[in-house]
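Visitor: Build the 3D model from these lines:
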Amino acid sequence: MHATHDTSFLTFRAGAGAALLGAALTLGACTNPFGSDPMDYDRRASMERLREIRSLPLERYRAPEVEAKAETDGAVQAARARFEAMDTYALTLEEARAQTLSNNLGLRASLIAPAIAAEAVNEEEGRFEGVFTLSGSWAETDSPTASSLSGSQTRAQSLAPGLRIPLLSGGQAEITLPITKFQTDNTFSTLNPAVTADLQFSLSHNLLRGAGRRATMHSVRIADYNRQISETQTKLEVIRQLAAVDRSYWRLFASREALAVRLQQYELANEQLGRAQRQNEAGAVAEIEIIRASAGVADRVDQILRAQNLVLLQERELKRIVNIPGLDVDSDVIVVPASPPDPVRYLFERDALMGEALATRMELLEDELRLAMDAANIAFNRNQALPLLAMSYTYRINSLGGTEGQAFSRLNENEFEDWTVGLSAEVPLGNEQRRAAVAQSVLTRLQRLSTREARAQAIRQEVLDSIDQLESDWQRILAARENVILNTRALQAEQRTFGVGRSTSNDVLDADTRLGEARLTEIQAIADYQISQVDLAFATGLMMGASKVRWEVNDPRGTPAAEAQREALPDYSPGAGVFYRPAPEGETPSEVAPTPLPAASDRTDAELELVTPIEPNSGG
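Guide: Numbers count the residues shown, from 1 in each chain. Sure, this is the predicted structure:
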């Protein structure tokens, strides 16, 4: 047995062992890699927040007891002065649309979706970037040998830099330069140490399955289709929010006008009560007329309260949609619609509007993109059903020397070279899995074609329904106006008749009620007519207004809010939990607390400027 030992070989080994021991001690001082740690679970919500459902403490808000008559009188005064102490904000329809585009929270979130989809495209394109590779090793052996021709102690050091480049045609090219230094205690070794430096060029390429640019770029193509689909969905959301703010605006208008009618009815009921009291004092009518008139006043108070509550609900809905800073849903500012309706009659060309809808609706464009995606999936799955046949080629320049300089010098001389050509194949037996994938993609496309036809039919129906509803609402406006004129005359006649003692307070109040209902019907017909115009615009994939809108993707990265969120993210750096604890020693995961929301005034201009209005459109 060869027994000669060189202690210098053990020097580095001892140092390496000490380094590994130190690393193990350091690792043990931080965390236990074999056991659990409370920080592994980050923050946790408490069991009370997860499972307990508390009751609403209504008794805490119970009002003190008062007499019924005093409460009724207070309700009358509160109903009349409910909005008097509040500030007002005159809001035009164009401003409401602009503020919705800039501030609506749901729309702001939707405008981020295309940025996410675009990053998915970048992710797929990044798969074809070249990769620098580097591998190295250090090995030492010390083993007994049975022959003096073999070394018992060896040291091998290797370093292999390289560059790997995916090919868009379905292959891979690679360049590597493995460098190896080998040293042994074998006295018969010709070169000791021996250094090799081999320059290697490799090329592998698919010939059937996965071959060709179309197959290789399939994932990029699908990601780009999804990006376009995301933009169609975002545009549809923009149109939907614009339609929503228009509808909310006219509903608020209608509720405020209805409140004005109820207040007029209250004033008339009070006047009727005064007339009844004067007639009773003169002995012209019985006391029952005063009671009837008082009941009419009380009924009007109930109607005012209902109308005021409806105004608050509609106003709060509009505030939520426009989300103007300083005009939040909990603000005490009254929103006053400053754009009065101007109902005019329209004569539509039904076929032209249906054609416009089929060409403009984002749902149909999304279906077209999905059909294109289905076609790409069919072609890709057919490619994947082919046998796997791959070719490989390697060309290598070899060199050997006693030092690194000698090895690289001989590498330049190109004295030793070899090459290898290979071919590999893989043919599935039966291939049922991939044939099923092709059939599934074909059926998906056929299903989507049927869905697209049904959607187109539904859109045509929606356009026709909107046109009919618009024409019906116009006729309702004309009928309501005539009804208001006739009921006004009837009320005046009843008042004159009561003045001569030939009718009762109930007759006057009933006439006033019919007039009020006629006015409310007219107001609702006008509001419905404006909303029907919005519905028709939405059915055709367009928007109301004289200007068109070009929306832009909202990328909030770089804003103060995004930086604050980034600082609050958990520590996922490579050393977290290995060389240091992400939290102080002994600290347990804290309970998840509700994240505070930023105030509207804290938002930056960059966060608000999401949409760019452009020049007026002559088409309206």
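
Visitor: so residue 554 makes contact with residue 108?
Guide: Yes: between residue 554 and residue 108 there is a contact under CB atoms under 8 Å: 6.0 Å. Where you see a C-beta, it was placed from the backbone N, CA and C, and this is true even at glycine.

Visitor: in the stretch 351-500 of the chain, which spans are helices?
Guide: Per DSSP state H, counting those that start in this stretch, the stretch 351-500 of the chain carries helices over the ranges 362-384, 404-413, 432-499.

Visitor: Find the nearest non-adjacent residue to the most centrally placed residue in the chain, please.
Guide: For the chain, residue 110 is the residue whose C-alpha lies nearest the centre (CA atoms, centre = their mean; 4.1 Å). Leaving out its chain neighbours, the residue that sits closest to residue 110 by CB to CB, 6 or more residues apart in numbering is residue 237, at 4.3 Å.

Visitor: out of residue 554 and residue 108, which sits in the more crowded spot?
Guide: residue 554 (21 against 18; other CB atoms under 10 Å).

Visitor: Grab the nearest non-local neighbour of the more buried one.
Guide: Using CB to CB, 6+ apart and skipping residues adjacent in sequence, the residue nearest residue 554 is residue 111, 3.6 Å away.

Visitor: Tell me who's in contact with the one you found.
Guide: For residue 111, the contacting residues are 234, 551-554, 610, by CB atoms under 8 Å, 6 or more residues apart in numbering.

Visitor: So which of those belong to strands?
Guide: Among the contacts of residue 111, the members found in strands (DSSP state E) are residue 551.

Visitor: State the phi and psi torsions of residue 46.
Guide: phi -70, psi 160 (degrees, to the nearest 10).

Visitor: what distance separates stretch 96-106 from the middle of the whole chain?
Guide: 16 Å (CA atoms, centre = their mean, to the nearest Å).

Visitor: Quick one: mean pLDDT for it?
Guide: Averaged over stretch 96-106, pLDDT sits at 91.

Visitor: ok, back up a step: let me know the distance separating the residue nearest to the centre of the chain from residue 544.
Guide: Using CB to CB, to the nearest Å, residue 110 is found at 20 Å from residue 544.

Visitor: go on, residue 228?
Guide: From residue 228 over to residue 544 (counting by CB to CB), the distance is 26 Å.

Visitor: for residue 178, same thing?
Guide: With CB to CB as the criterion, residue 178 and residue 544 are 70 Å apart.

Visitor: ok, now residue 339?
Guide: Taken as CB to CB, the span from residue 339 to residue 544 is 11 Å.

Visitor: same deal with residue 256?
Guide: The spacing between residue 256 and residue 544, counted by CB to CB, is 20 Å.

Visitor: okay, these two: which has more neighbours?
Guide: Remark: of residue 256 and residue 544, residue 256 carries more neighbours, 21 against 17, as counted by other CB under 10 Å.

Visitor: how about the strands in the chain?
Guide: Listed in chain order, the strands of the chain (DSSP E) span 88-91, 131-142, 153-167, 171-176, 179-184, 194-197, 199-206, 334-337, 388-398, 400-401, 416-426, 547-551, 611-616.

Visitor: Out of those strands, which gets nearest to residue 457?
Guide: Checking the strands of the chain against residue 457 by CB to CB gives strand 547-551 as the closest, at 28.0 Å.

Visitor: Run a quick neighbour tally on residue 529.
Guide: 23.

Visitor: so it makes contact with residue 473?
Guide: Yes: between residue 529 and residue 473 there is a contact at 4.0 Å, judged by CB under 8 Å.

Visitor: ok, back up a step: output the strands of the chain as TSV; include the columns mean pLDDT, mean neighbour count and distance to residue 517.
Guide: Formatted as TSV, the strands of the chain follow (pLDDT from 0 to 100; neighbours: other CB atoms under 10 Å; distance: least, CB to CB, whole Å):
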stretch	mean pLDDT	mean neighbour count	distance to residue 517
strand 88-91	91	14	28
strand 131-142	93	11	77
strand 153-167	94	16	75
strand 171-176	95	17	79
strand 179-184	92	19	96
strand 194-197	92	20	99
strand 199-206	95	17	78
strand 334-337	92	18	23
strand 388-398	95	16	78
strand 400-401	90	18	106
strand 416-426	94	10	81
strand 547-551	76	15	38
strand 611-616	40	12	40
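
Visitor: Isn't residue 294 up against residue 272?
Guide: No: counting by CB under 8 Å, residue 294 does not reach residue 272; the two are 9.8 Å apart.

Visitor: returning to what we had before: redo the strands of the chain as a markdown table? Include distance to residue 437.
Guide: Shown next, in a markdown table, are the strands of the chain (distance: least, CB to CB, whole Å):
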| stretch | distance to residue 437 |
| --- | --- |
| strand 88-91 | 55 |
| strand 131-142 | 30 |
| strand 153-167 | 24 |
| strand 171-176 | 23 |
| strand 179-184 | 45 |
| strand 194-197 | 47 |
| strand 199-206 | 18 |
| strand 334-337 | 56 |
| strand 388-398 | 15 |
| strand 400-401 | 51 |
| strand 416-426 | 17 |
| strand 547-551 | 37 |
| strand 611-616 | 42 |
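
Visitor: Show me the one of these that comes nearest residue 263.
Guide: That would be strand 334-337 among the strands of the chain, by CB to CB, at 14.7 Å.

Visitor: Partner strands of the closest one and their direction?
Guide: strand 88-91 (parallel) (DSSP bridges).

Visitor: neighbouring contacts of the strand it pairs with?
Guide: With CB under 8 Å, 6+ apart, strand 88-91 has contacts from 249, 318, 322, 327, 333-338.

Visitor: what's the most distant pair in those?
Guide: Taking CB to CB as the measure, those span a maximum distance of 15.9 Å, between 249 and 333.

Visitor: And these two? Which one has more around it.
Guide: Counting neighbours by other CB under 10 Å for residue 249 and for residue 333 shows that residue 249 has the greater number, 28 against 15.

Visitor: So that one sits against residue 318, correct?
Guide: Yes: using CB under 8 Å as the test, residue 249 is close enough to residue 318 to be in contact (6.3 Å).

Visitor: shared neighbours of these two, which are they?
Guide: Taking CB under 8 Å, 6+ apart as the criterion, residue 249 and residue 318 both touch 91, 96.

Visitor: who does residue 91 bridge with?
Guide: Going by DSSP bridges, residue 91 is paired in beta bridges with residue 337.

Visitor: and the gap between it and residue 253?
Guide: Counting by CB to CB, the gap from residue 91 to residue 253 is 10 Å.

Visitor: And for residue 387?
Guide: 70 Å.

Visitor: ok, for residue 138, nearest residue in space, not its chain neighbours?
Guide: Spatially, and ignoring its direct neighbours in sequence, residue 138 is nearest to residue 157 (5.3 Å; CB to CB, 6+ apart).

Visitor: Mutual contacts of residue 91 and residue 253, please.
Guide: Common neighbours of residue 91 and residue 253 (CB under 8 Å, 6+ apart) are residue 337.

Visitor: can you count the residues close to the closest residue to residue 513 other than its chain neighbours?
Guide: Using CB to CB, 6+ apart and skipping residues adjacent in sequence, the residue nearest residue 513 is residue 265, 7.5 Å away. Neighbours of residue 265 under the rule other CB under 10 Å: 25.

Visitor: Tell me who's in contact with residue 265.
Guide: 300, 303, 512-513, 516.

Visitor: Dump those into TSV; add distance to residue 444 as well.
Guide: What follows is the contacts of residue 265, written out as TSV (distance: CB to CB, whole Å):
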residue	distance to residue 444
300	62
303	57
512	64
513	60
516	58
